[in-house]
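**Q** no sequence on this one, just coordinates:
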């Protein structure tokens, strides 16, 4: 399957399946670098590309001759290198890439099965790519198909039953590991999407009234606590003091380097630190402290509950929905591919028809031109209809069939 010249639709990526949190962090692409990557791709003549970078995965989809072009882009705008990528990556082409995107967008590839945070991230990634004009009709149609399938999976199956996400898992970890969690001082550092969900889950699943929130941009914190009066706001200037007084620290900052280091934690302080950031924003050497328990997203993904068993049973239903939308997309794709060839065939047959009618008009007296026009037009319609059916047959090689049409009728 080739589209847009000789390019194939490729996906290259790194995910939790083959790479641990530290390695994924190297291939994580910041929001700023995602824009630079798209701009660079456009300058290199890559007509159609978008990137998703989350705590669990970094994926690039695009039209290129060779997947190494996308790998080069990823390595240029992340801290990873091509050698590391080869050992822990996935590379999908054409239909495999399409299938992979459908599975990502419906929560089947999430680290916690059915986690739908990825849907908003996919929507935002596509919006950014569209803003910087790196999408095309193929990608737009595909992403819309994936989002439609995702909506149906969420509404028609129990794949997202219960509340299970990294932020939910963080709160469950606290509940299961701290018997007196309702009386502990809890500090949430960072108010991105993950931080917001964590605060909301703390409010919903605990009765703790000693939750403090700090964010580098204070105005965001101010707005958030207006609607969450049980949460206390603090400021970045008081971070070290708040850390010193807390029992549980939840870090969900979006930095490319550690925001919490040994300098901020007393050696003898007993503290539970949950690092929800990607790349990890808590210095690894903090785990050397005897009284520090450091937990990252990979550890949190192991937090399971009875809802996961229900979700597993729903996978076949989700896959059936995916198949329906994937078939619709491929029908559109094939129609897009063979419509020009069918039009050329019809045009060639019309030329033959007109030439023959003109010839017979001169040769036969009282020639009924109207009747001949009706008859031959019906023949042309039946021929083109049969050929469309032939191209839609799953056993048909569309490219070879189109090549035959072009050779016979467009020579």
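**A** Okay, I see it. Since the model is a prediction, treat every value here as computed from it, not as a measurement.
**Q** tell me the domain ranges of the chain?
**A** Following automatic domain parsing, one gets these domains for the chain: 8-156, 166-300, 342-409.
**Q** Nearest to residue 317, out of these?
**A** domain 8-156 (7.4 Å; C-beta to C-beta). The way it works is simple: take the backbone N, C-alpha and C, and place the C-beta from them, glycine included.
**Q** For the closest one, measure first residue to last.
**A** When the termini of domain 8-156 are compared using C-alpha to C-alpha, to the nearest Å, they are 33 Å apart.
**Q** quick revisit: export the domains of the chain to a markdown table and tack on distance to residue 326, mean neighbour count and mean pLDDT?
**A** Below are the domains of the chain laid out as a markdown table (distance: least, C-beta to C-beta, whole Å; neighbours: other C-beta atoms under 10 Å; pLDDT from 0 to 100):
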| stretch | distance to residue 326 | mean neighbour count | mean pLDDT |
| --- | --- | --- | --- |
| domain 8-156 | 6 | 19 | 94 |
| domain 166-300 | 28 | 18 | 92 |
| domain 342-409 | 13 | 13 | 81 |
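**Q** Nearest to residue 313, out of those domains?
**A** Between these, domain 8-156 lies closest to residue 313; by C-beta to C-beta that is 10.8 Å.
**Q** re earlier: just put the domains of the chain in TSV and tack on distance to residue 311.
**A** Formatted as TSV, those follow (distance: least, C-beta to C-beta, whole Å):
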stretch	distance to residue 311
domain 8-156	5
domain 166-300	13
domain 342-409	31
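**Q** quick one: which of those is nearest residue 315?
**A** With C-beta to C-beta as the yardstick, what comes closest out of these is domain 8-156 (6.7 Å).
**Q** gap between that closest one and the chain center?
**A** Taking the mean of its C-alpha atoms, domain 8-156 sits 6 Å from the chain's own mean (C-alpha atoms, centre = their mean, to the nearest Å).
**Q** quick one on the thing from earlier: among the domains of the chain, which comes closest to residue 336?
**A** Evaluated with C-beta to C-beta, the domains of the chain place domain 8-156 nearest to residue 336, the distance being 7.8 Å.
**Q** So what does the residue of the chain most remote from its centre have for phi and psi?
**A** Distance from the centre of the chain peaks at residue 365, with 68.5 Å (C-alpha atoms, centre = their mean). Backbone dihedrals for residue 365, given as degrees, to the nearest 10, come out at phi -80, psi 150.
**Q** Check residue 132 too.
**A** Torsion angles, degrees, to the nearest 10, at residue 132: phi -100, psi 10.
**Q** Correct me if wrong: it contacts residue 39.
**A** Yes. If you go by C-beta atoms under 8 Å, residue 132 and residue 39 touch, sitting 6.3 Å apart.
**Q** if we can go back for a sec, for residue 312, find the nearest of the domains of the chain.
**A** Using C-beta to C-beta, the nearest of those to residue 312 is domain 8-156, at 6.8 Å.
**Q** the helices in the stretch 201-350 of the chain, which residues?
**A** For the stretch 201-350 of the chain, the helices defined by DSSP state H, counting those that start in this stretch cover 218-227, 239-245, 297-300, 306-363.
**Q** just the strands in the stretch 51-200 of the chain please.
**A** 57-64, 89-93, 186-189 (DSSP state E, counting those that start in this stretch).
**Q** Which of those strands sits closest to residue 50?
**A** strand 57-64 (5.7 Å).
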